[in-house]
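Participant: Got a predicted structure plus its sequence, pasted below:
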Amino acid sequence: MPARKTSSPAPLESASPLDDLPSLRGLVAFDVTVRLGSMTAAASELDTTQPTISQRIRALEEHLGHPLFDRQGGRLILNHYGESFHAELAGGLGKVCSAVTEARRKVHKPTPRITIAAGAGFAHVWLRPRLERLEQDFPDCHFTLLPIDRDEDPQMQQADIAIRFGPPLTGDHRDTLVVAERAFPVCSPDYARRHGLEKGLDAEALSRITLLHLDMRDTRWLDWATWCRHAGLPVPRLDKAFPYNNFPLTLNAAVNHQGVALGWSHVIQDLLDNGSLIALTPHISRDRHGYRMSVRHPNSAVIQPITRWLTREFSGLEIPGPTSRQP
């Protein structure tokens, strides 16, 4: 007869160290009692009662299988076992509490919402391409860009940071000039070669090239007629000039070899740097005109680093070359 097979008992699963951890409340009650020297003081710090602290420590001692204090005449004195246990516990428990506090702080910390208002052309051509870097440098902030062309628009006036173009605003002490105006003709390198514009514009060149301009009447901005008067050049016939209703479209036409537009150094720097456009002479500078920044709460610890960031971005954008300066 074959031997009967007996089944061996299944191996017991090894217990995880986490399965035998005492209550965190008991550990905290013990740690605070040791630090402050009494259960009454610990109860005050933990916003509970002395009997509750006593119960938690008793439960911890039962879990560990050994008393932590020598209780003599109502006094609590750490015994040798309690001293050793607290020395091992304090550092780790402090790290756990700090980690929990930091995690809760990040969850409940409000995200500052910063609104930056600027002219539509400037917001599209200069500010929008820099938004990603701005968000990377200030990851705790949420930014909203408002393209607004009218200074009197309530959203422009209520924005945390407003970037305007023009002369100083009357009565606004927060209004700061960050870059003075410098305007000059721009076109694609190909258009300049085809029309012999490498030496800049003169009366003869103005009479035969296509001028691209904005079809808007805003005295803050130079148009071709005003630019020519400042540059000391005769105003050409403008009935054949091609009008656009916004600045990005005007620049796009210039990039695509369709004519010559007026450009401002602080707006088109990126297009000059990447070779899409070249700057022609003469250059016109008006010291009282330019981009101005108004900050609604200039002393805010949140806003100040952002305005410094924007000011640094504005720096170094002047284009060298011959300049005809006007007041």
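Facilitator: Sure, I can see it.

Participant: C-alpha from now on. contacts and neighbour counts both.
Facilitator: Fine.

Participant: Would you mind measuring from residue 256 to residue 121?
Facilitator: Distance of residue 256 to residue 121, computed by C-alpha to C-alpha, to the nearest Å: 18 Å.

Participant: now swap in residue 33 and tell me
Facilitator: Taking C-alpha to C-alpha, one finds residue 33 at 65 Å from residue 121.

Participant: ok, back up a step: of residue 256 and residue 121, give the one with the bigger neighbour count.
Facilitator: residue 121 (19 against 14; other C-alpha atoms under 10 Å).

Participant: I'd like the distance between the nearest residue to that one once chain neighbours are set aside and residue 314.
Facilitator: Among residues not flanking residue 121 along the chain, residue 247 sits closest, at 5.3 Å (C-alpha to C-alpha, 6 or more residues apart in numbering). Computed as C-alpha to C-alpha, the residue 247 to residue 314 distance reads 19 Å.

Participant: What of residue 209?
Facilitator: Taken as C-alpha to C-alpha, the span from residue 209 to residue 314 is 32 Å.

Participant: Next: residue 176.
Facilitator: 13 Å.

Participant: and residue 162, helix, strand or coil?
Facilitator: strand (DSSP: H, G, I helix; E, B strand; the rest coil).

Participant: Correct me if wrong: it contacts residue 294.
Facilitator: Yes - contact between residue 162 and residue 294 holds when scored by C-alpha atoms under 8 Å: they sit 5.1 Å apart.

Participant: Show me the helices in this protein, by range?
Facilitator: Listed from the start of the chain, the chain has helices (DSSP state H) covering 24-36, 39-45, 50-64, 80-108, 120-122, 131-137, 154-158, 189-195, 203-206, 224-231, 247-255, 265-273, 303-314.

Participant: Now render these as a markdown table, adding distance to residue 182.
Facilitator: Conversion of the helices of the chain to a markdown table gives the following (distance: least, C-alpha to C-alpha, whole Å):
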| stretch | distance to residue 182 |
| --- | --- |
| helix 24-36 | 66 |
| helix 39-45 | 64 |
| helix 50-64 | 73 |
| helix 80-108 | 45 |
| helix 120-122 | 15 |
| helix 131-137 | 24 |
| helix 154-158 | 24 |
| helix 189-195 | 20 |
| helix 203-206 | 20 |
| helix 224-231 | 11 |
| helix 247-255 | 16 |
| helix 265-273 | 6 |
| helix 303-314 | 13 |
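
Participant: which one of the ones you listed lies closest to residue 147?
Facilitator: Nearest to residue 147 among the helices of the chain is helix 120-122 (4.3 Å), distances taken as C-alpha to C-alpha.

Participant: For the closest one, the averaged confidence score.
Facilitator: Per-residue pLDDT over helix 120-122 has a mean of 88.

Participant: got a list of contacts for that helix?
Facilitator: 147-149, 246-248, 267 (C-alpha atoms under 8 Å, 6 or more residues apart in numbering).
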